[in-house]
Each structure stands twice: as C-alpha cells, then as structure tokens.
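S.K.: Here's a sequence, model it:
(one chain, ligands or ions: 2)
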Amino acid sequence: MKRPDNRIRPSEITPPEVYFDRRQMMALGLASLAAGGIAGRRALAAEAGNASTILAARYKAARNTKLSIASTPNTYEAITTYNNFYEFGTDKSDPSQNAREFRTTPWNVEIGGECEVKGSFTLEDILKPVTFEERVYRLRCVEAWSMVIPWVGFPLADLIKRFKPTSKAKHVEFTTLLDRQQMPGQRYRVLDWPYVEGLRMDEAMHPLTFMVVGVYGRILPNQNGAPLRLVTPWKYGFKNIKSIVRIRFVEKQPLNSWQVAAPNEYGYYANVNPKVDHPRWSQATERRIGGSLFAQRSATEMFNGYAEQVASLYAGMDLTRNF
Ligand SMILES: Nc1nc2c(c(=O)[nH]1)N[C@H]1C(S)=C(S)[C@@H](COP(=O)(O)O)O[C@H]1N2
Ligand SMILES: [Mo]
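M.R.: Ligands and ions are numbered 1, 2, ... in the order given. Predicted coordinates:
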C-alpha cells in the first residue's frame, strides 16, 4: 500500500460555490437568479456569492453529539487525499488527483424495485426535505487502517420512508455512476463496474446509517463520493458506496462488488470484527491514518465500537460464516 501523496493542498480543492449551478439555485427558490438572461452576468455574479452562502450554510450543520464519537477527527487534508475510490484509480492519492473535473451537477438518483414511490429524482428533490446534521464516525477500512471523520448528512431511514417500501423489500441495493469517460478507473477490470453495495432492510433503517453529502462543514469533495454516498460506521469501509445514482428495494440479498471480485475474502455483511480475520491478514488491530508509522497499532473494536447499538441486529447469526 502506497503512502499518501500530499501534493494537493486543501486550498486547491474546489471551493463550495464552484459546485453550485442554476438548478440548485432554483431548488433554493432563487429563481430570478437562476433565470439569468439579460439581467446580466453582473447581477448573477453579485448574487452568486449570496446563493452559495445560503447553500454553504446548510452544510455547517449542528453536531449530533449522541451519535458522534469523542475522538479528534483526522485533518481535512488526510480525509480528502487518502482515499479508496477505484473509479478514479487504485492508489490512495489517485482519487484526489483524478476526480477534480468530475461533474456532480446535474445529478439524478433512480429509485425503484419493491416500493410504492419510484422514478428518477434530482439531487435537489432528494435533499430538499431533509435536515443535515454532523456526525463524527470512525471509518475502519478492511485494509486495517482507520480514520475519524466529521461527516455531514442525514439518516438513510428518513429517505427510505419517503419511497414507501413494500413488505417484499428485504434489502436495499445501491449503485455508483457508470461513466468511463469521467471515471478513468472503470476502463480497467479491477472490479465488475458499476460498483454495487447492499444493506439488509433493518441495517438500512438503523439510526446510525447515514447518507453523506458533506465533510467538515463543507460540501463533499468528489474524491469522497460526491454528491451522495453511504456511511455505515460499524462495517468495513467498502460498504460505504460513493456517488450513488440508483437505490433499489429488493427481495433477494444483492451481490456487492467486492464479494463478486473475491467471495472468499469479502462478504455481504462486512461487520468490523477483530476475531474474524481477512484470509490474507489479521483484523485484530488497526493503524490510525495520520499518526506516526511507528506508533502502536490499536485494538480493533467489535462492530468498530458500535456493538451496543448494532449487535442485536445479528443476534443468533454465525458472524464467522456471515462475514
Ligand atoms: N463507488 C465506490 N465506493 C467506494 C469505494 C470505491 O472504490 N468505489 N471504496 C470504498 C472503500 S474500500 C472505502 S475504505 C471507502 C473510503 O471512503 P473515503 O475515501 O471517503 O474515506 O469508500 C468506499 N466506497
Ligand atoms: Mo476500504
């Protein structure tokens, strides 16, 4: 595993206002602004600052202290330059380099399968009714490293309820964008593209399961899965699927990309478990990114420290078999 390449400075990362387009301004009721036309570029430019301030303010959400851990988060720089996002390359430094031009507006999410409300929804449709909050979660990668990240987002359960899943909906399947032009990593057969992940319905509805749109009070950078990604803090990092374009309610357990790629190494549940090793390395300890390479590794916690909240979901299940 390569060490992170720190050439990119936080100041080089696209500022929030660059992401906002007319569609988003419309969604905020700034129609006159979005109309443009002869009203002129000057007026647009003058008010654009105003619009981005309103939008940006939404990402400065209050922290949910009850569902946050007390550890100090990693730096913004570490979180945005040490990434796994194979659509943009397999080195940790590739996504921050190769995702700079990735277009996240306009963005649509297709909702389908076993639910009453379905169709194609704009990101604005998805985000308008929800309340953003900040949650500090530990991210534990299956590669035995971890980070602490202040995410901004909203509970997945709040989104799911709006689509009224039927009694046949036993799992939720998520799919990442497929776009070989924009995602150069998809030209290589590292994985069977597009990236797919899934959660059992009760996992998806769990209050810890979070849909993320921002980090550190700012809109989510492309390399972290803009504009919409999943975060399940008690599972290995690969469950946290990025840049989601499709959510389907399904009866059968979906096949997730890493399970398809190496079924003996990666499962569907992927719950953090110090007692169930990866066939090629131990999961008993982890290395915190950003610390000294020589620092002592810390013990991996069952369910990444969230056992009290989630252990009951797996009562009676053999977690060695269901890894
Ligand atoms: N679409 C997609 N989602 C993905 C990945 C990926 O390669 N493609 N990598 C996963 C892995 S292995 C990890 S550890 C986390 C990393 O999230 P971060 O870069 O925001 O820290 O994203 C996950 N989501
Ligand atoms: Mo990961």
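
S.K.: Angles on the backbone of residue 145, please.
M.R.: The phi/psi pair for residue 145 (degrees, to the nearest 10) reads phi -120, psi 160.

S.K.: Near ligand 2, which residues of this structure are found?
M.R.: 84, 141, 237, 238 (Cβ under 5 Å from the ion). In this view, the C-beta of every residue, glycine as well, is placed from N, C-alpha and C.

S.K.: and with 8 Å instead?
M.R.: 84, 141, 142, 143, 236, 237, 238, 240 (Cβ under 8 Å from the ion).

S.K.: Name the nearest residue to whichever residue of the stretch 201-323 of the chain sits closest to ligand 1, ignoring sequence neighbours.
M.R.: The nearest approach of the stretch 201-323 of the chain to ligand 1 comes at residue 237, 2.4 Å away (Cβ to the nearest ligand atom). Distance criterion Cβ to Cβ, 6 or more residues apart in numbering; nearest residue to residue 237, sequence neighbours excluded, is residue 141 at 4.0 Å.

S.K.: what residues are up against that neighbour?
M.R.: 84, 236, 237, 238 (Cβ atoms under 8 Å, 6 or more residues apart in numbering).

S.K.: Domain boundaries for this structure, per the record?
M.R.: Split into domains by automatic domain parsing, the chain comes to 9-60, 64-314.

S.K.: would you turn those domains into JSON lines with mean pLDDT and distance to residue 323?
M.R.: What follows is the domains of the chain, written out as JSON lines (pLDDT from 0 to 100; distance: least, Cβ to Cβ, whole Å):
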{"stretch": "domain 9-60", "mean pLDDT": "58", "distance to residue 323": "35"}
{"stretch": "domain 64-314", "mean pLDDT": "97", "distance to residue 323": "4"}
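
S.K.: out of those domains, deepest packed?
M.R.: Most buried of those, by mean neighbour count (mean count of other Cβ atoms under 10 Å): domain 64-314, with a mean of 18.

S.K.: For it, measure first residue to last.
M.R.: 25 Å (Cα to Cα, to the nearest Å).

S.K.: Can you verify my assumption that the residue of the stretch 201-323 of the chain closest to ligand 1 contacts residue 140?
M.R.: Yes - counting by Cβ atoms under 8 Å, residue 140 is a contact partner of residue 237 at 6.5 Å.

S.K.: check contacts around the most centrally placed residue in the chain.
M.R.: Taking Cα atoms, centre = their mean as the criterion, residue 229 is the residue nearest the geometric centre of the chain, at 2.9 Å. Residues in contact with residue 229 (Cβ under 8 Å, 6+ apart) are 211, 212, 220, 240, 241, 242, 243, 244.

S.K.: The fifth one in helix, strand or coil?
M.R.: What that stands for is residue 241. coil (DSSP: H, G, I helix; E, B strand; the rest coil).

S.K.: Hmm, it is touching residue 231, no?
M.R.: No - with contact defined as Cβ under 8 Å, residue 241 does not reach residue 231; the gap is 9.5 Å.

S.K.: beta partners for the nearest residue to residue 305 once chain neighbours are set aside?
M.R.: Residue nearest to residue 305 in three dimensions, not counting chain neighbours: residue 138, with 6.3 Å by Cβ to Cβ, 6+ apart. On the basis of DSSP bridges, residue 138 is bridged to residue 148.

S.K.: correct me, but residue 138 touches residue 150?
M.R.: No - between residue 138 and residue 150 there is no contact under Cβ under 8 Å: 11.3 Å.

S.K.: Quick check: residues of this protein near ligand 1?
M.R.: 83-87, 139, 141, 176, 195, 224-225, 237-238, 240-243 (Cβ under 6 Å from any ligand atom).
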